[in-house]
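Engineer: okay, sequence plus prediction incoming.
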Amino acid sequence: MSNVYTIAVLVGSLRKESINRKVARALVDLAPANLKLNIIEIGDLPLYNEDIDGASPPAAYSTFRQQVSSSDAVLFVTPEYNRSVPAPLKNAIDVGSRPYGKSAWNGKPAAIISVSPGAIGGFGANHHLRQSMVFLNVPCMQQPEAYLSGAGSAFDETGKLSESVKPFLQSFINAYGQWVEQHKNM
């Protein structure tokens, strides 16, 4: 029998009704039995500043680091801003990577899905985020790659996931469940 793994889900868009947040919620619903996905909010994290991250860092830093550290793995759901990741997501990565030598990300299996109304599905953000994961020692699922283009039509006007998108997301989250299982048992 498989273990159940706690997954920290980080959504790169802060808008409460963003397409990325809707995709994250859909993945929560579609997750296989071995994954328990928890969306971790990143919008209240102060911009990373080593001057305020000393003996008593901001409570938001400490809470965030604890949430990531106590998770077994991490899932990033991100839009693309200017061929890169949004500033709040990059800030969360920086906050979680500090203090030096105590990164909350270290060794956690990850996956990235980029979501965009555009035609290339956030390809630039997806690959830019992968560069940071290499440095942070985060084994990132390579296949299947997940770029959701045309995401404006992924949900109907009531917020229900399109039946044409559901198999793609299901395949992705199932593969991620296998990735986590494989990498947590190494």
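Structural biologist: Cool, the structure landed.
Engineer: now the helix ranked longest in the chain: buried residues?
Structural biologist: For the chain, the longest helix by residue count, based on DSSP state H, is helix 166-184. For helix 166-184, the neighbour count (16 or more other C-beta atoms under 10 Å) marks 168-170, 172-177, 179-181, 183 as buried. In this view, the C-beta of every residue, glycine as well, is placed from N, C-alpha and C.
Engineer: how far away is the nearest residue to residue 148 once chain neighbours are set aside from residue 29?
Structural biologist: Distances taken as C-beta to C-beta, 6 or more residues apart in numbering put residue 115 closest to residue 148, at 4.5 Å, once the chain neighbours are dropped. For residue 115, the distance to residue 29 (C-beta to C-beta, to the nearest Å) stands at 16 Å.
Engineer: neighbour count: these two, which is higher?
Structural biologist: Counted by other C-beta atoms under 10 Å, residue 115 and residue 29 do not tie: residue 115 has more neighbours, with 30 against 11.
Engineer: for the more buried one, give me its contacts.
Structural biologist: 19-20, 23, 77-79, 121-122, 148, 151, 154 (C-beta atoms under 8 Å, 6 or more residues apart in numbering).
Engineer: export stretch 115-133 to CSV, keeping only CA atoms.
Structural biologist: C-alpha atoms of stretch 115-133 as CSV (Å, rounded to 0.1, in the frame of the first residue of the first chain):
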residue,chain,number,x,y,z
VAL,A,115,-1.0,27.9,-17.1
SER,A,116,-1.6,30.7,-19.6
PRO,A,117,-4.4,32.0,-21.8
GLY,A,118,-1.6,32.4,-24.5
ALA,A,119,-0.6,29.9,-27.1
ILE,A,120,2.7,28.6,-25.5
GLY,A,121,1.2,27.8,-22.1
GLY,A,122,3.8,29.6,-20.0
PHE,A,123,6.8,27.7,-21.4
GLY,A,124,9.2,30.5,-20.4
ALA,A,125,8.0,30.5,-16.7
ASN,A,126,8.1,26.8,-16.5
HIS,A,127,11.7,26.5,-17.6
HIS,A,128,12.9,29.5,-15.7
LEU,A,129,11.4,28.0,-12.5
ARG,A,130,13.2,24.7,-13.3
GLN,A,131,16.5,26.6,-13.2
SER,A,132,15.9,27.6,-9.6
MET,A,133,14.9,24.1,-8.6
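Engineer: do me a favour and average the pLDDT over that stretch.
Structural biologist: Here stretch 115-133 scores 91 as its mean pLDDT.
Engineer: so the residue nearest to residue 155 when sequence neighbours are not counted: helix, strand or coil?
Structural biologist: Nearest non-adjacent residue to residue 155, counting by C-beta to C-beta, 6+ apart: residue 22, 5.4 Å away. At residue 22 the chain is in helix, as set by DSSP: H, G, I helix; E, B strand; the rest coil.
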